[in-house]
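Undergrad: fold the following for me, if possible:
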Amino acid sequence: MKKKKIALIAFGGNAILPETQRGLQEEQMRNAREAARLMVHIVRKGFDLIIVHGNGPQVGNLLIQMEEAVTKVPPFSLEVCDAMTEGSMGFMLERAIVNELRVRSIDKEVATVVTQVVVDKDDPAFEKPTKPVGPFYTKYRALQLAREKKWTMVEDAGRGYRKVVASPKPIDVVPKWVIRDLVQGGRIVIAAGGGGIPVIINGSGLFRGVEAVIDKDYAASLLAREVKVDLFTILTGIERVYVNFGKPDQRAVDVLTVEEAQRYLDEGQFPAGSMGPKIKAAIEYIKAGGREVLITSAGHLKAALIRRSGTRIIA
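TA: Numbers count the residues shown, from 1 in each chain. Take a look at the predicted model:
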């Protein structure tokens, strides 16, 4: 029997919880159902599937809930909140996908893997934390938390103070062979949600959680390389990658070679806060032997899969 190709698709947490919504459970369940229809479309195109989702809005809301309840319930650290949102979002997506498969009479199982991802304890990102997470605090509360918990707190554009954490690069996915075996066995796998739970290896060779944020595109790229997927797809807010984006001479790009992508990246075409990590993740995947990366929006995914939309990055 011919081996199926494997696709890995990565999308942001705002696909499940957009800024325009209140964040109600019913809203997130409905958004998960919409995402499920896209995921099952990929399966119907003949791929086995790994799904990596973001969790920025979800973990931010959870941290706000914990701060509001801090006098009643002891709060959890950031890496435990990552695990909690991996589980809750995995459940919502898993149930939605299972139901969509049942509607379409497709006999396939779905599994969510709460995923630890190793980062280097000496990563330079730990020296200069820059990623804001959680609620806004008053100056008094920020100073108190900085003193008691050794958090790095920064003033945020006159809106209050926020905690900032490091965003180190992922170097290993702990249960990568479990994920590989599941997907090769024909299961749809939801893994490395939110970029995974960041852990370091301590002096005794044991895993220890750290308060950090792993970019989900970098984690997805690493997992795609480890599992050797055939198609790595990154969903974003726009149909295609653009050169000179937002300028009068902006130009959509259908195909980019790795060399072209790197050149545009070096020229500053892809900012760190938006398209930059996606392009870097694509380059890393292709350089490690990957076949192609597809970057497009959720609304154009179906057209992109038949090469009528989106941007492909190739060797």
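Undergrad: can you pull out the helices in this protein?
TA: Secondary structure of the chain (DSSP state H): helices at 25-44, 56-68, 78-103, 139-149, 176-184, 216-227, 258-266, 276-287, 301-305.
Undergrad: quick one: contacts of stretch 143-152?
TA: Residues outside stretch 143-152 that contact it (Cβ atoms under 8 Å, 6 or more residues apart in numbering): P129, Y137, M153, K163, V164, V165. For glycine as for every other residue, the C-beta is placed from the backbone atoms N, C-alpha and C.
Undergrad: 6 Å instead?
TA: Contacts with stretch 143-152, where a contact means Cβ atoms under 6 Å, 6 or more residues apart in numbering, come from P129, M153, K163, V164.
Undergrad: can you put the residues you listed in CSV and add pLDDT, neighbour count and distance to V178?
TA: Formatted as CSV, the contacts of stretch 143-152 follow (pLDDT from 0 to 100; neighbours: other Cβ atoms under 10 Å; distance: Cβ to Cβ, whole Å):
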residue, pLDDT, neighbour count, distance to V178
P129, 95, 20, 31
M153, 96, 22, 38
K163, 96, 24, 32
V164, 96, 19, 33
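Undergrad: centroid-nearest residue for the chain?
TA: The structure's the chain has its C-alpha centroid closest to K216; by Cα atoms, centre = their mean the separation is 2.7 Å.
Undergrad: and it, what does it touch?
TA: A10, V52, G54, G195.
Undergrad: ok, so of these, who is nearest K121?
TA: G195 (17.0 Å; Cβ to Cβ).
Undergrad: what number of residues lie near the nearest residue to the closest one once chain neighbours are set aside?
TA: Nearest in space to G195, with sequence neighbours left out and distances taken as Cβ to Cβ, 6 or more residues apart in numbering, is I214 at 3.2 Å. I214: 24 surrounding residues under other Cβ atoms under 10 Å.
Undergrad: hang on, I214 packs against P198?
TA: Yes - in terms of Cβ atoms under 6 Å, I214 counts as a neighbour of P198; the distance is 5.3 Å.
Undergrad: hey, what's in contact with both of the two?
TA: When Cβ under 6 Å, 6+ apart defines a contact, no residue borders I214 and P198 alike.
Undergrad: rewinding a little: and the contacts of K216, which is closest to G185?
TA: Of the contacts of K216, the one sitting nearest to G185 (Cβ to Cβ) turns out to be V52, at 18.7 Å.
Undergrad: which residues does the closest one form beta bridges with?
TA: Using DSSP bridges, the bridge partners assigned to V52 are A10.
Undergrad: run a quick neighbour tally on it.
TA: 27.
Undergrad: that one reaches A220, doesn't it?
TA: Yes - using Cβ under 6 Å, V52 makes contact with A220 at a distance of 4.1 Å.
Undergrad: overlap in contacts of the two?
TA: Listed as contacting both V52 and A220 by Cβ under 6 Å, 6+ apart are A10.
Undergrad: hang on, the earlier thing: by neighbour count, which of the contacts of K216 wins?
TA: Going by other Cβ under 10 Å, G195 tops the contacts of K216 with 29 neighbours.
Undergrad: and stretch 215-228, average pLDDT?
TA: When pLDDT is averaged over stretch 215-228, the result is 97.
Undergrad: what residues of it count as buried?
TA: D215, K216, D217, Y218, A219, A220, S221, L222, L223, A224, R225, V227 (16 or more other Cβ atoms under 10 Å).
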